[in-house]
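Asks: model this:
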Amino acid sequence: MRKIVPLLVLLITVLCFSSCASTDATRTISVSGKGTVSVQPDMAAFGLTITQLGATTSEAQNATNKKIAEVMGILADNGVENENISTTNLSLYADYSWKDNIRILNGQCCSQTLQVKVRNLDALGKIIDNLGTVNEIEFGSISFDKWDKKDAYLQARKAAVEDAVAKAGVYAQGFSLERGKPLAISEGLYESQPLIRNAKSAMMLVGDMASTETPVGNLNVEAVITVVFEMK
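Replies: Below is the predicted model:
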């Protein structure tokens, strides 16, 4: 009998602890919130490549350097500062062709790619037209973006918070509960996808084509958060 009494006391204690733990358990709900803000781009970026073939590497380099100097002059004349021009690729290689299963050396190549950022969108069309006067230039696609997106991200965050609160409120009302305070907040990735516009190759004289137009459109900045709310 003495052994049974301590066992009963232990069992009652465990049951009471389990009952209290289940009573104190906090109901929660996890929801995501998304905020999207549309902004007007104020800058453009594009890449251009110049590749020259020469009998020697030095000859190919000199020819490429002359073209690059011509491009840099055009960009400077249109207000593009050096800090907004960067070299993303510079390569030297031998150029071959095949004839009757025999590899033939055509010469040496020098290729250089520039990445250009244009802050004045009003000058973009003229810049493209002027670059079109440079023969043997490969012009890539144009992307439009906003230089400073701090305010846009702030607005997107606020919209994401409002979205998460509204979702939690809907679920609380649907289950006859009351939304409580947030217990955890995690921030997702911010997405700012630059607008891409295809551009024709500028390997022709500007006199042979109409003036370039560059419609911009709007850019979406997004913020995503996940919030865990207490539910009462």
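Asks: Which element, helix or strand, includes the closest residue in space to residue 34 that isn't next to it in sequence?
Replies: Among residues not flanking residue 34 along the chain, residue 224 sits closest, at 5.2 Å (CB to CB, 6 or more residues apart in numbering). Quick note: C-beta positions are derived from backbone N, CA and C, even for glycine. Using DSSP states H and E, residue 224 sits within strand 219-231.
Asks: Do me a favour and average the pLDDT over that strand.
Replies: In this model, strand 219-231 has an average pLDDT of 93.
Asks: Please go through the protein and pick out the longest helix.
Replies: Criterion DSSP state H: the longest helix present in the chain is helix 150-174.
Asks: Report the angle between it and strand 219-231.
Replies: Per axes from the mean of the first three to the mean of the last three CA atoms, to 10 degrees, the angle that helix 150-174 makes with strand 219-231 is 40 degrees.
Asks: before we move on, the earlier item: would you mark the buried spots in the strand holding residue 224?
Replies: Within strand 219-231, the residues scored as buried using 16 or more other CB atoms under 10 Å are 219, 221, 222, 223, 224, 225, 227, 228, 229, 230, 231.
Asks: what about the first one, distance to residue 150?
Replies: Looking back up the chat, that one is residue 219. Distance of residue 219 to residue 150, computed by CB to CB, to the nearest Å: 14 Å.
Asks: Which neighbouring elements make contact with the strand ranked longest in the chain?
Replies: Secondary structure of the chain per DSSP state E: the longest strand is strand 102-118. Packing contacts for strand 102-118, counted by 3 or more CB pairs under 8 Å, 6 or more residues apart in numbering; DSSP states H and E, involve strand 43-54, helix 57-77, strand 85-99.
Asks: buried set for the shortest one?
Replies: When you say that, I think you mean strand 43-54. For strand 43-54, a neighbour-count test (16+ other CB under 10 Å) marks 43, 44, 45, 46, 47, 48, 50, 51, 52, 53, 54 as buried.
Asks: Can you check what angle separates it from strand 102-118?
Replies: 150 degrees.
Asks: Could you do the second one as well?
Replies: With the same axes, to 10 degrees applied, the angle from helix 57-77 to strand 102-118 works out at 20 degrees.
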